[in-house]
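Student: The sequence isn't on hand, but the structure is:
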Ligand code: PMP
């Protein structure tokens, strides 16, 4: 049998890249088959190496909120490149970016730029430990916060596709400081704080989970978490790498009206260039070097290309009506998918906030990781491939959220729904 272009490229990639990919979810481990190799993207579409178009609902896992190759972002990157790629010295663009973030997000008094979400969460945790003088941290089952040692314990995202939620190579001496609780469970939270509250440095949470598919926790969960952290002097870290500037301009903290002590942001800030950030209360942030004794640094941190691309993106995000338009698009797609699933008699549930959505092959909406893991992942895999065949690119895993961009037109959404009508039919 002749090989497809993607199969040939995947074989070649595997010669010198572990598993042929530079990040595990890209290998299609959760859905089977060969990954699509992308050569370029524009607006709502990605194109493979044969020039075949796909309507993209991954958006580079979130940052492509304006769609791919937005002209103002590309112009900003080109202008920045003309001025030099990296200086290892302060630039005014970093100050502009810090001001933008602090203006939009009231909990941010000081913010430090890094180059990835992993660095942001890893640094925020070190800072919380340095600030409190305590070692133990709490995370929640199915939440993913990047690949630093303390956080790869019962984690989500690609860890779930390979069926090993706790990574090999994490020393038991590190893992023992990470307590993992069920997500969205007020009783478990209260019990854990009763036992360990005064030993905890921080709690890190995806305020809306996006790495075990999408789970929107209850307001009570967030209110209880905030109150318990206050009572026991525990730093509350909202990991908004996925939700920040995505579920709404003010992120999930605005959605739930919670003021975290620290917040981590990721890729969206740089409009697709490598970037992350962590920030929050002045008193805590002042513990970082050069002001304080918690060390954190980065040669490429605050990179001028990323800062100037991000500035161009924020100019669009802050325009009146941006998030209403984005939410309307997401609602149209998700409600359309639900109606089609109902028509075909397929068990299906969905949720969405702003430009982020989750779809499940299950009668009801899962509320935590245990419920997500009971959804029909084989049906998801089949649906994924039926959609891919019809030119729709969904996240290649039943454990990931999906993303809408402002560049998706009504026509793109209708095309997606027409493909879904056939894909659901193929499932029954
Ligand atoms: N936190 C969350 C909530 C994430 O979704 C991710 C990655 N998707 C990370 C942290 C890690 O970010 P990065 O991949 O940029 O290191």
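Tutor: Nice, I can see it. Model, not experiment: these values are computed from the prediction. Numbers count the residues shown, from 1 in each chain.
Student: State the distance from the closest residue to the ligand within the chain to residue 276.
Tutor: Residue nearest to the ligand within the chain (CB to the nearest ligand atom): residue 117, separated by 2.2 Å. (C-beta placed from N, C-alpha, C; glycine too.) Plainly put, residue 117 is 5 Å away from residue 276 if you go by CB to CB, to the nearest Å.
Student: shared neighbours, these two?
Tutor: Jointly contacting residue 117 and residue 276 under the rule CB atoms under 8 Å, 6 or more residues apart in numbering are 241, 264, 265, 266, 267.
Student: Pull the number of nearby residues for the fourth one.
Tutor: To tie it back to what came earlier, the one meant is residue 266. 29 (other CB atoms under 10 Å).
Student: swap in the last one?
Tutor: Counted with other CB under 10 Å, the burial measure for residue 267 works out to 23 neighbours.
Student: cool, and the third one?
Tutor: The tally of other residues near residue 265 (other CB under 10 Å) stands at 30.
Student: Ok, the first one next?
Tutor: Applying other CB under 10 Å, we find 30 residues neighbouring residue 241.
Student: State the pLDDT value of it.
Tutor: The per-residue pLDDT reported for residue 241 equals 98.
Student: how about it, phi and psi?
Tutor: Phi and psi for residue 241, reported as degrees, to the nearest 10, are phi -60, psi -40.
Student: Give the residue spans of the stretch 151-300 of the chain that score low on pLDDT.
Tutor: By pLDDT under 70, the low-scoring segments of the stretch 151-300 of the chain are 156-165.
Student: and residue 185, what is it in contact with?
Tutor: Applying CB under 8 Å, 6+ apart to residue 185 gives the contacts 221, 368.
Student: in the stretch 301-428 of the chain, which spans are strands?
Tutor: 349-353, 356-360, 392-393, 402-403 (DSSP state E, counting those that start in this stretch).
Student: got the contact list for the third one?
Tutor: With contact meaning CB under 8 Å, 6+ apart, strand 392-393 is reached by 36, 46, 54, 55, 56, 57, 58, 387, 415, 416, 419, 420.
Student: and if we set it to 10 Å?
Tutor: Residues outside strand 392-393 that contact it (CB atoms under 10 Å, 6 or more residues apart in numbering) are 36, 38, 41, 45-46, 48, 53-59, 384, 386-387, 402, 412, 415-420, 423.
Student: Likewise for the first one?
Tutor: Identification of contacts with strand 349-353 by CB under 10 Å, 6+ apart yields 208, 213-216, 243, 246-248, 252, 255, 327, 329-331, 333-335, 337-338, 341, 357-366, 375, 401-402, 404.
Student: again with the last one
Tutor: Under the contact criterion CB under 10 Å, 6+ apart, strand 402-403 has outside partners 56-65, 210, 213-214, 242, 246, 268, 326, 330, 333-334, 350, 352, 354-359, 393-395.
Student: Please enumerate the strands of the stretch 151-300 of the chain.
Tutor: 178-181, 200-205, 235-239, 262-265, 276-280.
Student: domain ranges for the protein?
Tutor: Domain assignment for the chain by automatic domain parsing gives 5-69+320-427, 72-317.
Student: from these, which stretch is densest packed?
Tutor: Highest mean neighbour count of the domains of the chain: domain 72-317, a mean of 20 (counted as mean count of other CB atoms under 10 Å).
Student: From one end of that domain to the other, what's the distance?
Tutor: 12 Å (CA to CA, to the nearest Å).
Student: residues contacting the nearest residue to residue 410 once chain neighbours are set aside?
Tutor: Nearest residue to residue 410, sequence neighbours excluded (CB to CB, 6 or more residues apart in numbering): residue 332, at 7.5 Å. If a contact means CB under 10 Å, 6+ apart, then residue 332 has 404, 408, 410, 413, 414, 416, 417 as its contacts.
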